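Participant: no FASTA, just this:
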């Protein structure tokens with residue numbers, strides 16, 4: 001009994017140990033598989049992320065821009081104003097003071113029409129006076145010009161404040177400007193000005209500053225300046241609103257950039273400079289504005305490549321694609337300038353080489369002209385010799401023919417029929433001789449030309 005129990009116990013313990021070992025092996029193998037699977041998954045994820053990021057880096061967007069090279073230039077200081085156009089000689093016609101303050105009256109008749117030209121002193125209207133003892137009063141034109149708007153009709157009651165009409169001579173017109181204090185030092189008589197109106201947006205009328213006041217209006221803190229200009233065809237009408245540009249002064253030897261190339265932040269103004277195919281921010285300080293150009297006081301150097309179009313899409317260190325035709329190679333040119341290969345010595349060598357080639361071409365051309373003259377003389381001499389030989393041959397042939405004809409006539413067996421046959425043969429031989437002579441001349445000319 002005891003031996004059986006003991007044997008059973010040992011057998012049970014061996015079976016338990018085997019199960020444990022199998023479980024341990026299975027768990028180890030499962031753990032190994034799990035770790036291997038996790039490693040594979042992490043590897044795949046890492047490789048995918050790497051590919052994504054590398055693809056993003058490789059496919060960095062190229063921003064198209066247009067550029068220009070910075071250099072010093074001259075710009076004109078332009079001051080901008082606006083005002084109303086008026087005739088040089090213009091007047092509003094009211095009742096005379098004596099009539100107006102005497103009670104006024106009613107309009108009896110209007111003797112002119114809008115657009116009609118009148119002369120100073122010409123009768124333009126009559127008024128029925130209300131004051132006792134007076135009947136009709138006459139209204140005359142105070143200036144010569146064109147009648148503009150007529151503000152009354154017959155029967156209208158008028159007083160001292162009633163405007164009858166406006167008369168203006170606008171073969172020349174003026175624009176009055178209000179010049180602010182900071183512009184006063186630059187606005188003076190004689191300056192050139194340009195005037196534009198909405199009616200003719202593509203036309204620029206040229207004028208001149210004819211007056212600039214010396215005293216400042218204490219209410220507006222401005223001075224009054226007047227620009228006068230010719231009005232051919234009377235395109236400019238009194239009352240039109242005009243934009244005026246006064247060319248105050250010319251500023252020489254400064255950096256200037258297009259206004260559209262400048263961006264602003266809360267603290268500064270800046271532009272984008274291109275270097276090695278990328279854009280970089282460059283802070284600047286600006287001066288006067290000249291139309292679409294702005295003076296740059298500091299921040300730029302000669303030779304900088306400035307972005308003029310596409311600024312809105314740029315950031316610092318953006319990769320760009322230069323699309324300006326004439327400036328596509330500016331970046332490479334800037335690099336060449338900084339390299340040793342692009343030196344003054346190399347440029348001088350190239351220029352000297354070109355000079356030598358030009359000198360050789362001149363010598364060769366001179367030799368060719370001399371050869372041409374020589375061949376021309378040879379051709380002339382050959383042609384003259386050929387002509388002489390042809391004439392001699394003709395004379396010899398003619399003498400021989402005459403001699404043969406004489407001999408035949410003197411021959412007793414010569415008949416009329418043979419004489420006629422001889423004439424025919426003579427004509428044929430003469431024709432053959434002429435053709436042979438022409439062939440000889442043609443061959444001689446061809447040989448001379450070659």
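Facilitator: Great, that's in hand. Since this is a predicted model, take the numbers as computed values, not measurements. Numbers count the residues shown, from 1 in each chain.
Participant: Residue 348: how many residues sit nearby?
Facilitator: 10 (other C-beta atoms under 10 Å). Where you see a C-beta, it was placed from the backbone N, CA and C, and this is true even at glycine.
Participant: Outline the domain layout of this structure.
Facilitator: As assigned by automatic domain parsing, the chain contains the domains 96-161, 253-338, 381-449.
Participant: looking just at contacts, which helices and strands does the helix or strand containing residue 374 meet?
Facilitator: For residue 374, the host element (DSSP states H and E) is helix 344-410. Packed against helix 344-410, as judged by 3 or more C-beta pairs under 8 Å, 6 or more residues apart in numbering; DSSP states H and E, are the following elements: helix 416-449.
Participant: Compare the domains of the chain and say which comes out lowest on pLDDT.
Facilitator: Of all the domains of the chain, the minimum mean pLDDT falls on domain 381-449 (a mean of 59).
Participant: For the stretch 1-150 of the chain, which segments are assigned as helices?
Facilitator: 2-58, 97-100 (DSSP state H, counting those that start in this stretch).
Participant: Least reliable of the ones you listed by average pLDDT, please.
Facilitator: The minimum mean pLDDT among the helices of the stretch 1-150 of the chain belongs to helix 2-58 (a mean of 61).
Participant: I'd say residue 318 and residue 278 touch.
Facilitator: Yes. At 6.4 Å, residue 318 and residue 278 qualify as touching, with contact defined as C-beta atoms under 8 Å.
Participant: Which residue of these two possesses the greater neighbour count?
Facilitator: Set residue 318 next to residue 278 and count neighbours by other C-beta under 10 Å: residue 318 wins out with 20 against 16.
Participant: Kindly confirm my reading that residue 306 forms part of a strand.
Facilitator: Yes. With DSSP: H, G, I helix; E, B strand; the rest coil as the criterion, residue 306 is assigned to a strand.
Participant: Which strand residues bridge it?
Facilitator: residue 68, residue 273 (DSSP bridges).
Participant: list the contacts for it?
Facilitator: 67-70, 257, 261, 271-274, 300 (C-beta atoms under 8 Å, 6 or more residues apart in numbering).
Participant: how about 10 Å then?
Facilitator: Neighbour list for residue 306: 65-70, 255, 257-258, 261-262, 271-274, 282, 296, 300, 327, 330 [criterion: C-beta atoms under 10 Å, 6 or more residues apart in numbering].
Participant: What segments of the stretch 151-300 of the chain are strands?
Facilitator: Applying DSSP state E, counting those that start in this stretch to the stretch 151-300 of the chain gives strands spanning 157-158, 163-180, 192-197, 200-212, 222-230, 241-258, 263-264, 269-275, 278-290, 293-298.
Participant: So which elements touch the fourth one?
Facilitator: Read it as strand 200-212. strand 163-180, strand 192-197, strand 222-230, strand 241-258 (3 or more C-beta pairs under 10 Å, 6 or more residues apart in numbering; DSSP states H and E).
Participant: Residue 310 versus residue 323, what's the distance?
Facilitator: Here the criterion is C-beta to C-beta, to the nearest Å. By it, residue 323 lies 8 Å from residue 310.
Participant: And for residue 371?
Facilitator: Applying C-beta to C-beta to residue 371 and residue 310 gives a distance of 60 Å.
Participant: quick one, which of these two is more surrounded?
Facilitator: Counted by other C-beta under 10 Å, residue 371 and residue 310 do not tie: residue 310 has more neighbours, with 20 against 10.
Participant: What residues does the closest residue in space to that one that isn't next to it in sequence make contact with?
Facilitator: With sequence-adjacent residues excluded and distances taken as C-beta to C-beta, 6 or more residues apart in numbering, residue 310 is closest to residue 65, at 3.8 Å. When contacts are counted by C-beta under 10 Å, 6+ apart, residue 65 is found next to 272, 274, 279, 305-311, 313-314, 318, 320-324, 327.
Participant: Thanks a lot, catch you later.
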